[in-house]
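[1] okay, structure incoming, though there's no sequence with it:
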Ligand code: AMP
């Protein structure tokens with residue numbers, strides 16, 4: 001029996017190289033190795049109150065991105081979170097199995113609190129909605145970037161607590177991090193995660209960027225004044241980030257990437273990294289843009305995925321409701 005894997009991307013912005021390397025790159029193989037459940041987490045995106053047109057178009061974009069990676073809806077379960085109402089219901093149940101203190105310790109929430117004025121309850125409960133996403137399908141493996149590791153650990157604690165209090169119900173999930181590439185950082189600030197929102201336009205490479213834009217952004221990437229290539233995240237975060245991108249996209253070790261650029265200057269490093277990003281992204285982008293042009297086709301696949309997901313999620317939620325003493329679901 002294959003283990004169940006769950007992964008999601010929230011449609012809060014355009015797809016980044018961080019998403020591609022952090023999770024996207026390995027998903028095609030994962031759909032062969034695991035019973036893979038892959039979601040566009042659009043309910044999660046509501047936490048940042050984005051314009052409706054943007055939310056809608058980003059949601060389609062991520063769906064198209066998944067398909068362009070080679071995910072096959074006959075081999076994996078691919079769906080849109082808001083089309084499976086059981087996610088919101090499960091989140092409500094799990095709120096009651098999560099301590100206020102433990103939810104308050106989530107570093108992503110604390111970061112938001114420090115930066116933003118819009119601190120709504122959705123942001124605070126976000127990790128509990130995510131726990132529901134994972135637990136609804138008894139996922140054991142959750143591939144994530146480092147930023148989401150703490151949230152998967154929370155889901156794990158909630159599952160253990162629920163099982164102990166109510167009876168064996170959920171599989172216990174485990175975060176799975178890439179050995180390298182679990183945190184691609186911003187090109188303009190290599191100490192921070194490359195993200196859809198934080199690094200602005202110059203620090204982030206987007207799937208939709210043209211080849212020229214990719215070259216320009218990588219040329220401007222912050223490095224240091226040493227001018228020798230070495231992997232040292234603490235002292236040379238910019239160069240280390242470029243080496244990581246190269247190693248991940250070429251599917252080689254960091255050591256091999258270091259060896260490759262042993263005698264190179266930063267100009268050569270940047271131009272080789274730009275070439276390999278373009279080589280990787282341009283076929284993906286072409287496929288993605290073609291799919292995005294056919295929203296009817298995307299919606300058809302969404303509908304089929306949602307039907308399958310609803311069945312699985314309903315079974316689990318029924319079990320949970322019964323165990324808690326709620327009256328039969330109708
Ligand atoms: P998000 O875009 O925040 O919904 O994240 C979707 C997935 O991509 C999560 O598993 C993240 O951990 C991963 N991810 C996002 N940005 C990066 C990054 N800069 N480096 C590595 N993984 C990332």
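    On my side now, so go ahead. Keep in mind the model is a prediction, meaning the values are calculated, not measured.
[2] isn't residue 2 right up against residue 32?
    No. Counting by C-beta atoms under 8 Å, residue 2 stays clear of residue 32, with 9.1 Å between them. For every residue, glycine as well, the C-beta is placed using N, CA and C.
[3] tally of neighbours for residue 140?
    17 (other C-beta atoms under 10 Å).
[4] ok, now residue 148?
    Neighbours around residue 148, by other C-beta under 10 Å: 21.
[5] how about it: what's its closest non-neighbour residue?
    Nearest residue to residue 148 in three dimensions, chain neighbours excluded: residue 175, at 7.3 Å (C-beta to C-beta, 6 or more residues apart in numbering).
[6] distance of the one you found from residue 150?
    9 Å (C-beta to C-beta, to the nearest Å).
[7] who touches the residue nearest to residue 148 in this structure?
    By C-beta atoms under 8 Å, 6 or more residues apart in numbering, the residues touching residue 175 are 142, 143, 144, 148, 149, 152, 153.
[8] can I get the residues you listed in CSV with pLDDT and distance to residue 312?
    Formatted as CSV, the contacts of residue 175 follow (pLDDT from 0 to 100; distance: C-beta to C-beta, whole Å):
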residue, pLDDT, distance to residue 312
142, 96, 16
143, 90, 19
144, 87, 21
148, 92, 22
149, 95, 25
152, 98, 20
153, 98, 24
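[9] farthest pair in the residues you listed?
    The largest separation in the contacts of residue 175, counting by C-beta to C-beta, is between 143 and 153 at 14.3 Å.
[10] these two: who's more crowded?
    Counted by other C-beta under 10 Å, residue 143 and residue 153 do not tie: residue 143 has more neighbours, with 21 against 16.
[11] apart from its chain neighbours, what residue comes closest to the more buried one?
    Once flanking residues are discounted, residue 143 sits nearest to residue 176: 4.5 Å by C-beta to C-beta, 6+ apart.
[12] does that neighbour really touch residue 146, like I thought?
    No. Look at residue 176 against residue 146 with C-beta under 8 Å: they stay out of range, at 11.6 Å.
[13] those two - which one has more neighbours?
    Neighbour count, other C-beta under 10 Å: between residue 176 and residue 146, residue 176 has more, with 19 against 13.
[14] the more buried one and residue 297, how far apart?
    Distance from residue 176 to residue 297, by C-beta to C-beta: 31 Å.
[15] before we move on, what about residue 185?
    Distance from residue 185 to residue 297, by C-beta to C-beta: 35 Å.
[16] looking at the two now, which is surrounded by more residues?
    Neighbour count, other C-beta under 10 Å: between residue 185 and residue 297, residue 185 has more, with 25 against 12.
[17] surely the more buried one meets residue 241?
    Yes. The pair residue 185 and residue 241 qualifies as a contact (C-beta under 8 Å) at a distance of 4.7 Å.
[18] near the ligand, which residues of this protein show up?
    Within the chain, the positions near the ligand by C-beta under 6 Å from any ligand atom are 9-10, 18-19, 21-23, 144-145, 147-148, 182-184, 193-196.
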